[in-house]
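> could you work out the structure for the sequence below:
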Amino acid sequence: MKKMTGVIAVTLVVSVLFSGNTLITAKTVNKTGIRTKKVTMNIGQKKSIKLKNKKKKAKYLFQSSKTKIVKVSKKGVMTALKVGKAKITVKERLGKKIKSIGTVSVTVKKTAKPSPVPEQKVTPTPAGTPTATPVNEKPVVTPQAPSQDPGKTEPPLTSTPKPPVNPEIKDTPAKLDSSQSGVQYGKVVKRQYFSPITGKNRNVNVILPEGYTEEKKYPVIYLFHGGMGNENDWIDGKVQNMIGNMIASGEAKEMIVVMPNCRCRENDAANPSDGFAPDHVQSFDKFLDDFRDNLMPYIENTYSVATGRDNTAIVGLSMGGRVALNIGISLPDQVGYIGAFSPAYGIFPYTNNGLTEEGLFTEETFTLPDHYKNSTYLLINNGNQDGMVKEEPQRYHNALEANGVHHTFYTLDGGHDWVVWKNGFYNFARYLF
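Model prediction:
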C-alpha cells in the first residue's frame, strides 16, 4: 500500500510539473511587463517607464504615438511637452525577434501656476517663544487644471470632416496623369524611418507641394500599394502628375502625399515568392501599428503638418484598399478620409486563391462609432470586370450600408487596374480637406 501511495505521489508531482496550467503560471511569472500602464503628467515633467521581469540579453524599444505631446528616450524616460494624450508602445528585441510588451497611456495636463503670495514682513521670534497661527486668515489656493480621466479611451467628438451627401462621380480627365506645360509639380523625396516592429529602417516616398514652406501647415494623404508592390507603386501610376494637375486646376487643395511600404515585416521587398501565404498577407494587417506608432509621428515631426482627422486621409488600391479600410475603421479618431479602390479580400472571412482567413471584422463590427458615421468621407469603388477581388467590395458596401455608415460606393468599366484606381483617386481627392 505504501509503495502504491509513493507511485501515486510521484505521478501527481510529474503531472503538476508538466501540466499546461503550471506552465502557463510559470510563463506568467517570468513574462516581461509594464508596471504602470496609465500615467498623468504635467508639462515639463519627466517620468521613467518601469518594466518588470526584464531579460538580461533583451533590448527594449520605446515609441510615442504623439511625439509633440510626449517624447520618450531610448531608455524609456518620458518628457511631457504639451496638453493631450499619447500612448507609448514598448517592445522587446531578443536576438532577431521583436515582440510587443504593451503600451503606456499618458495624459498630459497643463502645469498649474501658483497664485502670487503677497510679500510679508517676518518678525524674528525669540527662541523658546511659541508662535500663534492666525485662525481667520484664508489659505492661498493654487488653481488646478481641469482633471482628465487617464483611463478614458473614447475618441474626442468632432463634426469634421463633412462628407458630401451625394458626391458627383466624374469621368477621369484625359490628361490627368500627364505632365502638362505650365504646371509646376511637387518634388518626390525618398526618406526612411525606423520601425521597431520590423527592426529596420523602412522606405517611404513623399511628395511635397510646389512652393512648400515651413510657414504653412499642410494636410496629409497616405497612399497604400497593392499586394505585390511597394512604396513606388503610386509613383509608377503617375500620382505626382495627378495631384499636381488637380491642384493647378483648383480641383484639389495643396497637400503632402506620403507613400509607404505596407508590407510590415523584415523582408518587405516587392514581388515576394510567398504572395498568397498567410505570413505575407497578414504582414499588411500589422502595418496598422507601424502606421500609427512610427510613420505618422515621423511625418509630423519631419514636415509642417496640419494634424487631426480632418487633415488626414488614407487611400489604398487592392491589398492597400484592405489596409485603408482596416486602419480607417480601427482609428476613426485619427483618420477622417478613407478611400479603398478594388479593396482585397480579408475584411471579412473568406477562402480564395487557396488561402483562408478569419477576417479582420465581422459584418456587424465593420462600422464606425455613432459620432463618426456622418463625419467621415469614405469612398469605395471597383471595376465591373475585376476578376481579382470580384464581388468583395460590394460586400463591404452592403455591410456599411446595413450599419448606417455614410459612404459612397460605385463601379465602373474596368478590371483590377489603373483605369479604376485613377478614377477613384480623382473622385476621392476632389472632396478632400
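> tell me the contacts of residue 386?
Neighbouring residues of residue 386 by Cβ atoms under 8 Å, 6 or more residues apart in numbering: 342, 414-416, 420. Quick note: C-beta positions are derived from backbone N, CA and C, even for glycine.
> correction: residue 175
The contact partners of residue 175, by Cβ under 8 Å, 6+ apart, come to residue 245.
> among the contacts of residue 386, name the buried ones.
Buried members of those, counted by 16 or more other Cβ atoms under 10 Å: 342, 414, 416, 420.
> quick check: the last one touching residue 410?
No: contact status for residue 420 versus residue 410: not in contact, 10.3 Å apart, counting by Cβ atoms under 8 Å.
> so what sits against both of those two?
When contacts are counted by Cβ under 8 Å, 6+ apart, residue 420 and residue 410 are jointly contacted by residue 381.
> against residue 304, how distant is the spatially most central residue of the chain?
The chain has residue 292 as the residue nearest its centroid, 2.2 Å off, counting by Cα atoms, centre = their mean. Residue 292 sits at a distance of 21 Å from residue 304 (criterion: Cβ to Cβ, to the nearest Å).
> for residue 230, same thing?
Using Cβ to Cβ, we find residue 230 at a distance of 27 Å from residue 304.
> and for residue 214?
If you measure residue 214 against residue 304 using Cβ to Cβ, the figure is 5 Å.
> and these two? Which one has more around it.
A side-by-side neighbour count of residue 214 and residue 304, using other Cβ atoms under 10 Å, places residue 304 first with 14 against 7.
> could you list every residue that touches the more buried one?
212-218.
> out of these, which comes closest to residue 42?
Relative to residue 42, the closest of the contacts of residue 304 is residue 217; by Cβ to Cβ it sits at 26.7 Å.
> tell me if I'm right that the closest one and residue 308 touch.
No: in this structure, residue 217 is not within contact of residue 308 by Cβ under 8 Å, at 10.3 Å.
> out of these two, which sits in the busier spot?
For residue 217 against residue 308, the residue with the higher neighbour count under other Cβ under 10 Å is residue 308, and the figures read 15 against 12.
> what segments of the stretch 151-300 of the chain are strands?
Taking DSSP state E, counting those that start in this stretch as the criterion, the stretch 151-300 of the chain contains strands spanning 187-195, 200-208, 220-224, 256-260.
> who's the nearest residue in space to residue 74 that is not next to it in sequence bridged to?
The spatial neighbour of residue 74 that comes closest, neighbours along the chain excluded (Cβ to Cβ, 6 or more residues apart in numbering), is residue 62 at 7.0 Å. Under the criterion DSSP bridges, residue 62 forms beta bridges with residue 90.
> count of neighbours near residue 62?
20.
> may I have the one helix or strand residue 426 maps to as PDB, with CA atoms only?
Counting by DSSP states H and E, the secondary-structure element that holds residue 426 is helix 418-429. Taking only C-alpha atoms (Å, rounded to 0.1, in the frame of the first residue of the first chain), the coordinates of helix 418-429 have been written out as PDB:
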ATOM      1  CA  TRP A 418      -5.200  51.800 -63.100                       C
ATOM      2  CA  VAL A 419      -8.300  52.600 -65.100                       C
ATOM      3  CA  VAL A 420     -10.300  52.100 -62.000                       C
ATOM      4  CA  TRP A 421      -7.700  53.300 -59.500                       C
ATOM      5  CA  LYS A 422      -7.100  56.600 -61.300                       C
ATOM      6  CA  ASN A 423     -10.800  57.300 -61.400                       C
ATOM      7  CA  GLY A 424     -11.100  56.500 -57.800                       C
ATOM      8  CA  PHE A 425      -8.200  58.800 -56.800                       C
ATOM      9  CA  TYR A 426      -9.600  61.700 -59.000                       C
ATOM     10  CA  ASN A 427     -13.100  61.500 -57.400                       C
ATOM     11  CA  PHE A 428     -11.700  61.000 -53.900                       C
ATOM     12  CA  ALA A 429      -9.200  63.800 -54.000                       C
END
